[in-house]
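A structural model of the following input is requested.
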Amino acid sequence: MKTKFLSSVGVCAAALLTSLPSQAGFVTSNSGFTTNTTYGFTEAALAQNAVVTGQYAGVTFPSLYQWVGTTGSCTYPNIQNGCIGNFVTGGPSITPFSIGFGSIQTQAGFNFVSNPGSSTFEAFLGSNSVGTSGSVATDPTSINNFFGFDISSGFDSIRVTVGGSGGAMFLDNLTFDTSASPVPEPGSLALVGLALAVLSWRQRT
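Okay, the predicted model is just below:
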């Protein structure tokens, strides 16, 4: 009976492990995710060069700057009318910088351009890195300028290290899900851990 029970535990553990969602990781494309919040950075009606920190609900920035379409700066592929930048004219660029989310995300990203060069994107859950892009081209003329992460176990911030001359960037169409929650649920992980512990004990007996 004991052998039969342990065999059943093994089958259950395998089923649980195979049912856990895969981690897609870093994503780049010419379009974003289908989630319930997208900011085009016209919603807060901020003035040119206004400091952007927490004016957009559900997300925080480390003192980036509002740019408006009338300046002619938010006119790149997929970046129109309003955007945020990491500099003001004549000032230094803020890099790296992090975008913090008010809830744990499974999908989040944005349209992004820099001066010709390569930038790095990294997803964090707390202080732990859970995904990275490595060095990727962020050409201001490319239409494939949506960068983000699809990580089923969740993340709560994205850190960006901007490449190109001067480290300057523009960012638009920030897309994230305020209702997202990380998967798998802790109960599933606990069951997997219990099953694996029993299997380990069985191998020693």
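
Low-confidence stretches in the chain?
1-24, 70-72, 180-205 (pLDDT under 70).

Show me the helices in it, by range?
Applying DSSP state H to the chain gives helices spanning 2-19, 186-204.

Asn36 and Ala168, how far apart?
As judged by CB to CB, to the nearest Å, Asn36 and Ala168 stand 31 Å apart. Yep, even glycine has a C-beta here, placed from its N, CA and C like the rest.

who has more neighbours, the two?
Each of Asn36 and Ala168 has its neighbours counted (other CB atoms under 10 Å); Ala168 has more, 18 against 11.

Ramachandran angles for that one?
Main-chain dihedrals, Ala168, degrees, to the nearest 10: phi -90, psi 150.

And it, how far from Asn30?
Per CB to CB, Ala168 is found 22 Å from Asn30.

residues of the longest strand along the chain that come out buried?
Ranked by residue count under DSSP state E, the longest strand found in the chain is strand 97-114. For strand 97-114, the neighbour count (16 or more other CB atoms under 10 Å) marks 97, 99, 101, 104-114 as buried.

Could you list the paired strands of that strand along with their orientation?
Paired with strand 97-114 in the same sheet, following DSSP bridges, are strand 59-60 (antiparallel), strand 146-161 (antiparallel), strand 169-176 (antiparallel).

Now do the domain split for the protein, please.
1-20+191-205, 22-182 (automatic domain parsing).

Would you mind finding the most buried of those?
Stretch with highest mean neighbour count among the domains of the chain: domain 22-182 (a mean of 18; mean count of other CB atoms under 10 Å).
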